[in-house]
Every structure is written in C-alpha cells, then in structure tokens.
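[1] Here is the input, now give the coordinates:
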Amino acid sequence: MPEEAAPFSLITYQDVAKKAKLIKYMVKERLMPPWPADPTYSHFANEMVLSDDEIKLIEKWVDSGMPVGDSLKTYTIESVKQYVQLGEPDLIVNVPKIKIKGNNKDLFLVMKIPFELPQDTYVRAIEFVPGNKKLVHHVNTHLIQYDEGKKKNLHEGAYYINQDQANSQTIHNQLGLLQDDDSYAPMTPSVSNYLPGALFSFYPKEIGGYKLKKKNVFYLNDMHYGPSPVDAVDSSYYKIYFSATPPSRPVAEFQLGTLGIAPVEPELIIPAGSVKTFRIKTILPEDLSLISIVPHMHLIGKSYLVYAIKPSGDTVPLIRIHNWDFRWQYFYQFKKLLHLPRGTKIFVEGVYDNTTANPNNPFHPPQEIRERNGSMRTTDEMFQLIVTYVPYQKGDEQISLENATPR
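    Residues are numbered from 1 along each chain as shown. This is a model prediction of the structure:
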C-alpha cells in the first residue's frame with residue numbers, strides 16, 4: 001500500500017500487471033511473500049507461505065497474458081486497509097512527531113507518551129503503528145500507571161531524550177516519570193513491541209489484556225530509527241482496543257542471549273573475514289504455554305535454529321531460518337498454545353557471516369563486529385530469542401492462536 005515499507009503497491013490489477021514478471025520470479029524462488037521461517041521444520045499461526053499449487057497458478061496466470069477476471073471483485077485501497085488494520089480502535093494515542101536527520105546514522109530515543117482516561121478501563125490489545133515504516137526499526141513499549149493522587153502532572157519533564165545523551169541515573173527524572181513523592185509507579189513491561197516486518201495480531205480472549213488506570217504513560221526505553229540519507233519525519237501512534245471484561249491470564253516474556261537470562265556462548269565476537277557459530281541454552285523452571293517466539297540478529301546474521309528437548313527426550317522443533325534477513329523479523333505465533341513442561345531444555349544456534357561474501361555486511365572491507373553492552377546499533381550485533389508465554393494450565397493445548405479478532 002502507499003506509504004508502506006515496500007517499493008511499490010499491489011492493490012489494483014494495474015499495479016500487479018505492471019510487475020507480473022517480477023512477481024512470477026519472486027514467488028517461484030520463494031522470496032515473496034516474505035516468510036523467513038522454514039515451513040518444513042515448524043508451523044505458525046497465519047503464516048505467509050504459498051503452496052506449490054498456488055505458485056503454479058500465479059505462473060500460469062502470468063504466462064497466459066494476465067487475464068483480468070471478475071472486475072466486480074476488485075478491491076479498493078480503503079477495503080484493503082480495513083482488512084489489514086483489523087478494525088477501528090477505541091482510542092488512538094499519538095507519539096510526538098520526530099525529526100530524523102539525514103546523516104546516515106541510527107537514532108535511538110528514550111521516550112514517554114502520557115495519556116489520560118475518564119475512568120479505569122479494561123483493554124484487549126495495544127498496537128504500535130509506525131508512521132515512517134522505512135525508518136522505524138524497533139520499539140519496546142512499557143506501561144507506567146499512576147494511582148489517584150500520586151501524580152498531578154503527567155506532562156512535566158522532557159517527552160524524549162537521545163539515548164546517546166541519556167544518563168541512566170537521572171533519565172527517569174529528566175522524563176518526569178517519578179511520582180510526586182519521588183517514588184516509582186508500577187510498570188508493566190512489553191505491552192506493545194514492534195520489529196521490521198512484524199504483523200500485529202490479537203491474542204484469543206482466554207489470554208492477555210490489561211487494565212488501564214486514569215493516568216498512564218507509555219515508556220519507550222528503545223525507539224530506534226534506522227539510518228536515513230535524507231531528512232525525514234516520523235508520526236507514529238498507538239491503537240488501543242477496549243474490552244468489556246477484565247483481563248484474563250497475564251502474558252509474560254523472557255529473553256535468551258543478549259540482555260537475557262542465558263548467555264551467548266562463546267562471547268559474541270565475529271572477527272573480520274570469519275563465519276562463526278554461537279549458541280544459547282536454558283532449562284525451563286516451570287511448565288509453560290508458549291505463545292510466540294522472536295529470533296533476533298542484526299546485519300551479518302546468516303542462519304538461526306531453535307529447538308526444545310522435553311524431559312521425556314522428545315525433540316520439539318521451534319523454528320529454523322536458513323537465510324536470515326534483517327529486514328523481515330516476526331513475532332512467530334504458534335497455531336495453538338505450545339506446552340513445554342518443567343525441565344525442558346531450549347537450544348538456540350546462530351551463524352554469523354562477517355566476510356565479503358555477505359552482501360549485508362555493513363563494513364567493506366570487513367572489520368570485527370561484536371555485541372557491545374546490549375547496543376542495538378545495526379552495525380553492532382545481537383543474538384537473542386524472545387519468548388512470550390503464560391504459565392501452563394490444563395487444556396492450553398486446545399487454545400487456538402489463529403485469526404483472533406478485537407472483539
């Protein structure tokens with residue numbers, strides 16, 4: 001669609017017909033639609049994978065001269081937007097407009113977005129919508145809530161600070177996030193996150209949800225804009241979907257690897273001219289029902305593998321990505337809640353290519369690339385697996401995670 005990350009739209013017949021030969025090639029080579037996960041290894045909810053028959057049908061259509069078909073079934077941009085945008089939200093909260101300098105450098109901001117409601121409100125989902133999809137790389141959003149009388153002015157302090165200039169000792173004071181008695185308000189982590197290529201989806205009604213108080217702040221400890229050669233502007237926002245019922249089972253997450261609960265082995269250093277393999281492993285301390293997993297690497301990632309071994313000895317294939325692509329990173333949501341019992345071992349393996357053979361290498365000639373204290377700069381590296389889950393309850397295996405709706 002217009003203003004999306006792709007270089008051209010595919011809404012009308014004319015849009016598609018002009019690119020027909022390119023489309024035929026891209027689907028035949030399975031380069032499009034973008035779905036890095038290997039569908040022969042594991043499956044996920046709403047996965048974007050064409051079958052062999054669907055690919056042959058597209059090839060046949062192109063080779064036969066691209067017949068128009070039933071013009072009465074033509075989609076408009078507005079109808080496609082309604083389908084993609086999953087219904088109208090109950091509330092939109094705008095992010096401050098950000099000016100991005102055209103200096104070919106990453107921009108990292110720490111930001112607050114205050115908003116007030118007339119009363120305490122149940123919420124089904126919170127969706128971050130990037131305004132400039134070509135530059136917004138990732139966003140981690142936490143929710144800070146203030147009890148009545150604890151915070152008079154949500155707008156005191158700065159709205160955002162350049163992360164390079166932020167002092168971890170004083171940043172919460174600079175942003176005015178502390179309560180009026182200088183204490184910290186409760187914070188709910190990761191209520192809404194975004195990665196390039198990520199598709200927002202709702203959880204089923206059996207899990208998830210939040211209760212918003214009257215006074216709230218979205219706290220973005222990482223608002224990352226990728227490098228731009230020209231001056232640009234971003235006007236992102238949040239969609240909030242209300243619920244008539246209280247939140248159900250709260251969703252939690254943990255991270256493995258960089259900034260996580262289990263280390264990368266060996267230390268994440270990739271010498272110039274080398275291809276190296278790194279691993280992460282952990283043992284689950286309790287029964288969990290997995291909702292989604294997010295593999296994460298930067299530019300010189302080559303391949304990614306995750307599997308689990310249950311105490312019974314059974315192996316559970318979780319995800320395999322043969323050709324890592326930094327531009328397409330997803331929250332891979334399982335078709336149903338995936339039960340992994342206590343004592344299950346999770347193994348993660350990542351391969352990095354820091355040679356001239358890697359077209360995504362940011363340095364020419366190659367130079368040493370490493371993890372730098374959790375730096376999220378694209379020219380540094382990360383090796384991370386983010387796991388979203390709920391504590392296991394009997395019957396979780398039957399809860400579908402596909403095609404949930406906002407109501």
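[2] From here on, just use CA atoms for contacts and neighbour counts.
    Fine.
[3] Any stretches of the stretch 1-150 of the chain with poor pLDDT?
    Applying pLDDT under 70 to the stretch 1-150 of the chain flags the ranges 1-7, 71-86.
[4] if we go to 80?
    Counting by pLDDT under 80, the low-confidence segments of the stretch 1-150 of the chain come to 1-11, 69-87.
[5] That one: strands as residue ranges?
    Assigned by DSSP state E, counting those that start in this stretch, the strands in the stretch 1-150 of the chain fall at 91-94, 98-100, 107-116, 121-129, 136-146.
[6] for the second one, which positions count as buried?
    Think strand 98-100. Buried residues in strand 98-100, defined by neighbour count with 16 or more other Cα atoms under 10 Å: residue 100.
[7] can you redo the strands of the stretch 1-150 of the chain as a markdown table with distance to residue 393?
    Formatted as a markdown table, the strands of the stretch 1-150 of the chain follow (distance: least, Cα to Cα, whole Å):
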| stretch | distance to residue 393 |
| --- | --- |
| strand 91-94 | 32 |
| strand 98-100 | 44 |
| strand 107-116 | 35 |
| strand 121-129 | 21 |
| strand 136-146 | 26 |
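[8] so which of the ones you listed comes closest to residue 200?
    Smallest distance to residue 200 across the strands of the stretch 1-150 of the chain (Cα to Cα): 6.9 Å, for strand 121-129.
[9] longest single helix anywhere in the chain?
    Longest helix in the chain by number of residues (criterion: DSSP state H): helix 52-63.
[10] Need the CA coordinates for that one. PDB is fine.
    Extracted C-alpha coordinates of helix 52-63, given in PDB (Å, rounded to 0.1, in the frame of the first residue of the first chain):
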ATOM      1  CA  ASP A  52       3.200 -25.300  -4.800                       C
ATOM      2  CA  ASP A  53      -0.200 -25.200  -6.400                       C
ATOM      3  CA  GLU A  54      -0.700 -21.500  -5.600                       C
ATOM      4  CA  ILE A  55       2.700 -20.700  -7.100                       C
ATOM      5  CA  LYS A  56       1.900 -22.700 -10.300                       C
ATOM      6  CA  LEU A  57      -1.400 -20.800 -10.500                       C
ATOM      7  CA  ILE A  58       0.400 -17.500 -10.500                       C
ATOM      8  CA  GLU A  59       2.900 -18.700 -13.100                       C
ATOM      9  CA  LYS A  60       0.000 -19.900 -15.300                       C
ATOM     10  CA  TRP A  61      -1.800 -16.500 -15.000                       C
ATOM     11  CA  VAL A  62       1.300 -14.500 -16.000                       C
ATOM     12  CA  ASP A  63       2.200 -16.900 -18.900                       C
END
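[11] ok, back up a step: so which of the strands of the stretch 1-150 of the chain gets nearest residue 209?
    strand 121-129 (4.6 Å).
[12] which outside residues touch that closest one?
    Contacts with strand 121-129, where a contact means Cα atoms under 8 Å, 6 or more residues apart in numbering, come from 191-194, 200, 202, 208-214, 236-247, 406.
[13] How is the chain partitioned into domains?
    Split into domains by automatic domain parsing, the chain comes to 13-84, 91-250, 253-398.
[14] For the longest one, measure first residue to last.
    Just to be clear, that refers to domain 91-250. The straight-line separation of the ends of domain 91-250 (Cα to Cα, to the nearest Å) is 21 Å.
[15] cool, and stretch 377-384?
    Stretch 377-384 stretches 14 Å from its first residue to its last (Cα to Cα).
[16] any low-confidence regions in the stretch 251-400 of the chain?
    Residue ranges of the stretch 251-400 of the chain with pLDDT under 80: 327, 374-377.
[17] which residues of it fall in helices?
    Assigned by DSSP state H, counting those that start in this stretch, the helices in the stretch 251-400 of the chain number zero.
[18] Mind jotting down where the strands sit in it?
    In the stretch 251-400 of the chain, the segments counted as strands under DSSP E, counting those that start in this stretch are 252-257, 269-270, 274-283, 288-296, 301-309, 315-321, 332-340, 345-354, 369-370, 384-391.
[19] Those strands: which one's closest to residue 112?
    The nearest among the strands of the stretch 251-400 of the chain, by Cα to Cα, is strand 252-257 at 21.9 Å.
[20] just how off-centre is the closest one within its chain?
    Mean-position distance between strand 252-257 and its chain equals 14 Å (Cα atoms, centre = their mean, to the nearest Å).
[21] can you list the residues that contact that strand?
    Contact with strand 252-257 is made by 260-264, 280-282, 383-390, as judged by Cα under 8 Å, 6+ apart.
[22] tell me the angle of that strand relative to strand 384-391?
    150 degrees (axes from the mean of the first three to the mean of the last three Cα atoms, to 10 degrees).
[23] By neighbour count, which bits of strand 252-257 are buried? Give me those.
    252, 255-257.
[24] neighbouring strands for that strand, and are they parallel or not?
    strand 384-391 (antiparallel) (DSSP bridges).
[25] Determine the angle, from 0 to 180 degrees, between the partner strand and strand 274-283.
    If you take the same axes, to 10 degrees, strand 384-391 sits at 20 degrees to strand 274-283.
[26] Report the inter-axis angle for strand 384-391 versus strand 288-296.
    Using the same axes, to 10 degrees, strand 384-391 lies at 160 degrees relative to strand 288-296.
[27] Buried residues, stretch 277-288. List them.
    277-282, 287-288.
[28] To residue 171, which of the strands of the stretch 1-150 of the chain lies closest?
    With respect to residue 171, and counting by Cα to Cα, the nearest of the strands of the stretch 1-150 of the chain is strand 107-116 at 8.6 Å.
[29] Do me a favour and get the end-to-end distance for stretch 333-348?
    17 Å.
[30] contacting residues around it?
    Counting by Cα under 8 Å, 6+ apart, 43-46, 279-293, 304-311, 385, 392, 396-402 sit against stretch 333-348.
[31] list the buried ones in it?
    333-341, 343-348.
[32] Let me know the closest of the residues you listed to residue 134.
    Ranked by distance to residue 134 (Cα to Cα), the buried residues of stretch 333-348 are led by residue 333 at 24.0 Å.
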